[in-house]
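# return atomic coordinates for the entry below.
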Amino acid sequence: MSDSCPENLPMCDNDSYRVNSSMDQNDRQCLSIPRQAETDSQVIQLWLHGRSQHTQRAYQKDVQDFLDSVSKPLHQITLGDLQQYSDRLQSKEMAPASCRRKLSAIKSMFGFIHRVGYLVFDVGKPLRIPACKDKLAERILTEEEVHAVIDSVKNKRDRLIIKTLYYTAIRVSELASLKWKDLQTRNEGGQLTILCKGGKTNTVLIPADLWIELHTLPSSVSDDNPVFMSRNGKHLHPGHVRRIVKNLALEIIGKGATPHYYRHSAASHAIANGCPLNLIQTQLNHSSLAVTGKYLHSMPSIGIAKYLK
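Predicted coordinates:
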């Protein structure tokens, strides 16, 4: 250890010290941050920690596909490797949004492992993510289509799944995990409390007619029981809900509308009917009004053609 290191700091086996903002440059050079991970797999797990199980599975698969493709440890990967992988993804018959998601996950990972000191350089920072067309407008049903689906579904549970998705605008994972203890009476209707994307808790009002219908479901209204129950009395898997909802829409209106279509549709219809943007932002748990504002652009109520001769 250099003689110039401050004598008043305790020496550790890993040569780590408490950093003091008043130290001069020579003092700082002899300090080291404890290594956060010893292997690539360890640092990847640190990056995934705290995310939802769904996000962890998706990100882990994206990163593993990339690592299998380059066949290199993290510290040997170059910007050229990332660019070649990006080119390969874009040359395949892969949806642009899927390509963008994979590359965004990889950029996020490299940014994290650089910040924790595992890599000296953030090799993903200069990587350009290809732009893709915003298809939000294609995922918005008309009010007539939504009500046609709701009115045509004979199975009570499945009909109430679609009504809940639409009138609360919650995500399919949030719906599938609902327990009766998450629902509380509110005036003539009720409310539900959910853990949203990003680890935020949100409370959403339930209209009175939907609240009454939910309590007619053939299940015991016991705190820990799922609201939407499978045949074996367990929570429905989000993937199963997705298939039910998509197949019903395909059968009734000829569109394979997934649960997220009803979230998009609810937001768009509410805006068209005069609902304030900030209320929609709160209910959909959007990070900013800019995200919510996309619904305004997806279904404009007027265009310049009206003013052209």
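
# looking at this protein, which helix is longest?
Taking DSSP state H as the criterion, the chain has its longest helix at helix 96-115.

# in that one, what's buried?
99-103, 105-107, 109-110, 112-114 (16 or more other CB atoms under 10 Å). Heads up, the C-betas are built off the backbone N, CA and C, glycines and all.

# any chance of those residues in CSV, plus distance to P276 and pLDDT?
Listed next are these as CSV, based on distance: CB to CB, whole Å; pLDDT from 0 to 100:
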residue, distance to P276, pLDDT
C99, 36, 89
R100, 31, 88
R101, 31, 90
K102, 36, 93
L103, 35, 94
A105, 34, 94
I106, 38, 95
K107, 35, 95
M109, 38, 96
F110, 40, 97
F112, 36, 96
I113, 41, 95
H114, 41, 95
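
# which of the residues you listed lies at the shortest distance from G50?
F112 (11.6 Å; CB to CB).

# show me where this structure has its helices.
25-29, 40-48, 53-70, 79-91, 96-115, 143-152, 156-168, 172-176, 208-214, 238-253, 259-272, 277-284, 289-292, 294-298.

# wait, which of those helices is closest to A131?
Closest approach to A131 among the helices of the chain (CB to CB): helix 96-115, 7.9 Å.

# returning to that earlier point: out of the buried residues of helix 96-115, which is nearest to A176?
Checking the buried residues of helix 96-115 against A176 with CB to CB, the nearest one is R101 at 21.6 Å.

# run a quick neighbour tally on L178.
Counted by other CB atoms under 10 Å, the residues lying close to L178 total 21.

# quick one: residues contacting it.
By CB atoms under 8 Å, 6 or more residues apart in numbering, the contact set of L178 is 192, 194, 226-228.

# closest to L284 out of those residues?
Checking these against L284 with CB to CB, the nearest one is I194 at 11.7 Å.

# thinking that closest one is in contact with V204, fair?
Yes. Between I194 and V204 a contact is recorded at 7.1 Å, counting by CB atoms under 8 Å.

# give the residues shared as contacts by these two.
I170.

# comparing the helices of the chain by mean pLDDT, which bottoms out?
Of all those, the minimum mean pLDDT falls on helix 25-29 (a mean of 51).

# quick one: contacts of stretch 61-74?
By CB under 8 Å, 6+ apart, stretch 61-74 touches 40, 43-44, 77, 81, 85, 88, 101-102, 105-106, 109, 113, 118-119.

# still on that earlier bit, between the contacts of L178, which has the most around it?
Ranked by neighbours (other CB under 10 Å), the contacts of L178 are led by V227, which has 25 neighbours.

# check contacts around it.
Residues near V227 by CB under 8 Å, 6+ apart: 178-180, 182-183, 214, 217, 219.

# same question, N187
Counting by CB under 8 Å, 6+ apart, N187 touches A208.

# how near is it to T216?
Separation of N187 from T216 (CB to CB, to the nearest Å): 19 Å.

# next one: R88
53 Å.

# between these two, tell me which one has more neighbours.
R88 (12 against 8).

# from I44, how far out is the closest residue to the more buried one other than its chain neighbours?
Spatial nearest neighbour of R88, chain neighbours left out: S69 (7.1 Å); criterion: CB to CB, 6 or more residues apart in numbering. Separation of S69 from I44 (CB to CB) stands at 15 Å.

# the more surrounded of the two?
Counted by other CB under 10 Å, S69 and I44 do not tie: I44 has more neighbours, with 21 against 13.

# the closest residue to the more buried one other than its chain neighbours: neighbour count?
Nearest residue to I44, sequence neighbours excluded (CB to CB, 6+ apart): V63, at 6.3 Å. Close neighbours of V63, defined as other CB under 10 Å, add up to 21.

# do the same with G80
9.

# list the contacts for it?
Here G80 is in contact with no residue (CB under 8 Å, 6+ apart).

# when you give positions from now on, start the count at 55
Done: numbering now begins at 55, and the last item shifts to G134.

# any idea how far it is from L143?
From G134 over to L143 the distance is 15 Å, taken as CB to CB.
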